[in-house]
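Asker: What follows is a predicted structure for the sequence shown.
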Amino acid sequence: MKHIALSLGAALLAGTTLCADELSDLKAQIAELQEKTDALIDETSDLKTGFNYTTVDANASVNGMGPAASKVYYSKSPLSIGGYGEMYWSSPDSDGAAGDAYTDVYRFVPYIGYKFSDNIVLNTELEFEHGGEEVAIEFMYIDFLLHEAFNLQVGNLLVPMGLINKRHEPTLFNTVQRPDVEKYLIPSTWHETGILAYGSFSDIGLSYTAGIINALALNNDNNMPGSVNKKWIRSGRIGSEENGPMQRVGFVGRLDYRGISGLLLGTSAYYGAATQGRPSGVNAFMYDFYGQYEKAGFKLKGLYTAMTVSDAEKIFAEAADGAEGYYVNAEYDLLATLPTRYRLPIFAQYESYDPVSSVAGGTRPDLEQTNTTVGMNFFPHEQVVLKADYVMTDFHDSALEDYNVFSLGMGFVF
């Protein structure tokens, strides 16, 4: 009797295994059929619209750019349309920078790209700021894709410096506003006319960019007698302005290391002319070091940058000739260990900078400040973010009043 029971058990087990195998095969067939059906639906839609639509790959990055800016490179269609947007509401406290709460439809940015061939690509970024009050071309270049180790970009280009400038889409940084260090010291978004060579050596995890761009114009209204202020570098951008001066150039270079999973280490620099027009013979050296590490929902990043200007007294006797600053940002996704597609990172950021750390002669204005920011993001979709943060600003000069700002923001890429 015992042998009969064992035989029956073995037979049942074999039958169960057979059913499980058949069920697994059936699931695979259904999945394959669903994939073919989805592809057929896409192709039918393409025939109706005449446009082969490509969604954003949130993990894609070509030459260090954001996923939406990289879209044209992996688009199914020669014509690619993408973009991003962001807006926010802010409420300053009752001290210091006191004021009523306000809102700003900060940016709406379409990307339009076109592939002339597999090796010649046009990529453009149009920017509408503050509800359309300011309109600009943020980049417009033709990319000649020659080899993994060597490619050329020609046109109006994103300057390859820092962490934010080339990756400025709102889903890529967790604060409502970009860090001040990468706004006033590295003047993001910084774009200039020029030519850049870039490439990567994937076997050793290195990538580089090097080239010539239009020079800064640090002889601007924010670096003149009685008006030296924190915008003296930011106002030195020429960008894509009408008939923008290009009498002098600068050299820019970048080196990144990604040979360890989750780790980025890099440095970039600008050296060249610091003025357009008169005076001549003034040069600027801007450099930075940065790093980022992420693993299992945790991300840590930081950057240090500095600028020095030689012969700044040619601009005027007390012209700004130095700036330096750094920031560190840490975040952790509270939903990282849960089986969900949502993300809920909390973060803290500390930045300290002096936008006028030295002047050519005389007494410099004391504009040194620190910003401590805490906040959180919610990603209901990998392309959509809702933000909240609280920024506490402290000035080194006791004559300047400290202040705090609470902000809510939203951003998206497509």
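Answerer: Now that the structure is in, tell me what you want to look at.

Asker: Under the pLDDT cut-off, which ranges of the chain? List them.
Answerer: 1-52, 94-99 (pLDDT under 70).

Asker: do that again at 80, thanks
Answerer: Counting by pLDDT under 80, the low-confidence segments of the chain come to 1-53, 94-99.

Asker: Residue 55 versus the spatially most central residue of it, what's the distance?
Answerer: Centroid-nearest residue in the chain, with CA atoms, centre = their mean: residue 167, separated by 1.8 Å. Between residue 167 and residue 55 the computed distance is 19 Å (CB to CB, to the nearest Å). (Glycine included, C-beta is placed from N, CA and C.)

Asker: just residue 351 next, same as before
Answerer: 34 Å.

Asker: So for these two, which residue has more residues nearby?
Answerer: Using other CB atoms under 10 Å as the criterion, residue 351 and residue 55 rank with residue 351 on top: 23 against 10.

Asker: Isn't the more buried one up against residue 182?
Answerer: No - under the criterion of CB atoms under 8 Å, residue 351 makes no contact with residue 182, lying 9.2 Å away.

Asker: hey, what's in contact with both of the two?
Answerer: residue 327 (CB atoms under 8 Å, 6 or more residues apart in numbering).

Asker: Find the nearest non-adjacent residue to residue 63, please.
Answerer: residue 198 (5.3 Å; CB to CB, 6 or more residues apart in numbering).

Asker: wait, isn't that neighbour in contact with residue 149?
Answerer: No - using CB under 8 Å, residue 198 is not in contact with residue 149, being 9.4 Å away.

Asker: quick one, which of those two is more surrounded?
Answerer: residue 198 (20 against 14).

Asker: helix or strand for the more buried one, which one?
Answerer: Using DSSP states H and E, residue 198 sits in strand 191-201.

Asker: now swap in residue 306 and tell me
Answerer: Assigned by DSSP H and E, residue 306 falls in strand 298-310.

Asker: CA atoms only: put that strand into CSV for me.
Answerer: Backbone C-alpha positions of strand 298-310 (Å, rounded to 0.1, in the frame of the first residue of the first chain) are rendered in CSV as follows:
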residue,chain,number,x,y,z
PHE,A,298,21.2,56.5,-2.6
LYS,A,299,22.9,59.3,-4.5
LEU,A,300,25.7,61.6,-3.4
LYS,A,301,27.2,64.3,-5.7
GLY,A,302,29.3,67.4,-5.2
LEU,A,303,31.3,70.0,-7.2
TYR,A,304,34.0,72.6,-6.5
THR,A,305,34.7,75.4,-9.0
ALA,A,306,36.9,78.6,-9.1
MET,A,307,37.6,81.4,-11.5
THR,A,308,40.7,83.6,-11.7
VAL,A,309,41.2,86.6,-14.1
SER,A,310,44.6,87.9,-15.0
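
Asker: Please tell me how far residue 333 sits from residue 296.
Answerer: 9 Å.

Asker: Among the two, which residue is more densely surrounded?
Answerer: Neighbours were counted for residue 333 and for residue 296 using other CB under 10 Å; residue 333 has more, 20 against 10.

Asker: what residues are up against the nearest residue to that one once chain neighbours are set aside?
Answerer: In this structure, residue 333 finds its nearest non-sequential neighbour in residue 297, 3.7 Å apart by CB to CB, 6+ apart. Contacts for residue 297 (CB under 8 Å, 6+ apart) come out as 332, 333, 334, 335, 336, 337, 345.

Asker: let's go with 7 Å and repeat that
Answerer: 332, 333, 336 (CB atoms under 7 Å, 6 or more residues apart in numbering).

Asker: Now distance to residue 207 and secondary structure too, for those residues, in a markdown table please.
Answerer: Shown next, in a markdown table, are these (distance: CB to CB, whole Å; DSSP: H, G, I helix; E, B strand; the rest coil):
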| residue | distance to residue 207 | secondary structure |
| --- | --- | --- |
| 332 | 28 | strand |
| 333 | 27 | strand |
| 336 | 28 | coil |
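
Asker: Reformat those into TSV and put distance to residue 122 next to each item.
Answerer: As requested, the contacts of residue 297 are arranged in TSV below (distance: CB to CB, whole Å):
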residue	distance to residue 122
332	40
333	36
336	38
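
Asker: How about the contacts made by the residue nearest to residue 202 when sequence neighbours are not counted?
Answerer: Spatial nearest neighbour of residue 202, chain neighbours left out: residue 148 (7.0 Å); criterion: CB to CB, 6+ apart. Each residue near residue 148 by CB under 7 Å, 6+ apart is listed here: 199, 200, 202.

Asker: Quick one: neighbours of residue 374, just the number.
Answerer: 15.

Asker: should've said residue 316
Answerer: The tally of other residues near residue 316 (other CB under 10 Å) stands at 18.
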